[in-house]
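Enquirer: what follows is a predicted structure for the sequence shown.
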Amino acid sequence: MKLITRLLLTALVLLIVAEYIPGITVDGFYPALIAAIVLGLLNLFVRPILVVLTFPITILTLGLFMFVINAALFWFAATFIDGFAVETFLHALLGSLIVSVASAVFNKYL
């Protein structure tokens, strides 16, 4: 039940982000839900590999490179989901930052 709640809240946050950031578009709730599932799977399987591979860069940038990894995964997810699009890397960075903060807040209270 907790997993379904997290997915629904992430989809809702994606819809809200798409309303306020002009470079991110989501065509409806179904693409937002698919995007939330894909983002969750990418964060589960691909992100740990990227974190290990980019560990030296992350150390040199004092952890700020993690934002780049999150934005890259956000942008990558948008490339193959119909109805979810991100125009530039800057929009992906801003969108992933907002989704990450909102998810952290929701996970704290669930």
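Expert: Looks like it came in fine. Bear in mind the structure is a predicted one, so any value in this text is a computation, not a measurement.
Enquirer: where does stretch 82-98 sit relative to the chain's centre, distance-wise?
Expert: In terms of Cα atoms, centre = their mean, to the nearest Å, the centre of stretch 82-98 is found 8 Å from the chain centre.
Enquirer: with only the CA atoms kept, save that stretch in CSV.
Expert: Extracted C-alpha coordinates of stretch 82-98, given in CSV (Å, rounded to 0.1, in the frame of the first residue of the first chain):
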residue,chain,number,x,y,z
ASP,A,82,5.1,9.0,-24.7
GLY,A,83,3.4,11.9,-23.1
PHE,A,84,6.3,13.0,-20.9
ALA,A,85,8.8,15.3,-22.4
VAL,A,86,11.7,17.5,-21.1
GLU,A,87,13.2,20.1,-23.4
THR,A,88,16.6,20.9,-22.0
PHE,A,89,19.0,19.6,-19.4
LEU,A,90,18.3,22.7,-17.3
HIS,A,91,14.6,21.9,-17.2
ALA,A,92,15.5,18.3,-16.2
LEU,A,93,17.8,19.6,-13.4
LEU,A,94,15.1,21.8,-12.0
GLY,A,95,12.4,19.2,-12.4
SER,A,96,14.4,16.4,-10.8
LEU,A,97,15.3,18.7,-7.9
ILE,A,98,11.7,19.5,-7.2
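Enquirer: which residues are contacting that stretch?
Expert: The contact list for stretch 82-98, computed with Cβ atoms under 8 Å, 6 or more residues apart in numbering, reads 13-14, 17, 21-28, 30-32, 34-35, 67-68, 70-75, 77-78. Bear in mind the C-beta positions are built from the backbone N, C-alpha and C, glycine included.
Enquirer: for it, buried residues please.
Expert: Within stretch 82-98, the residues that count as buried by 16 or more other Cβ atoms under 10 Å are 84-86, 91-96, 98.
Enquirer: what's the average pLDDT for it?
Expert: Here stretch 82-98 scores 97 as its mean pLDDT.
Enquirer: check contacts around residue 68.
Expert: Per Cβ under 8 Å, 6+ apart, neighbours of residue 68: residue 93.
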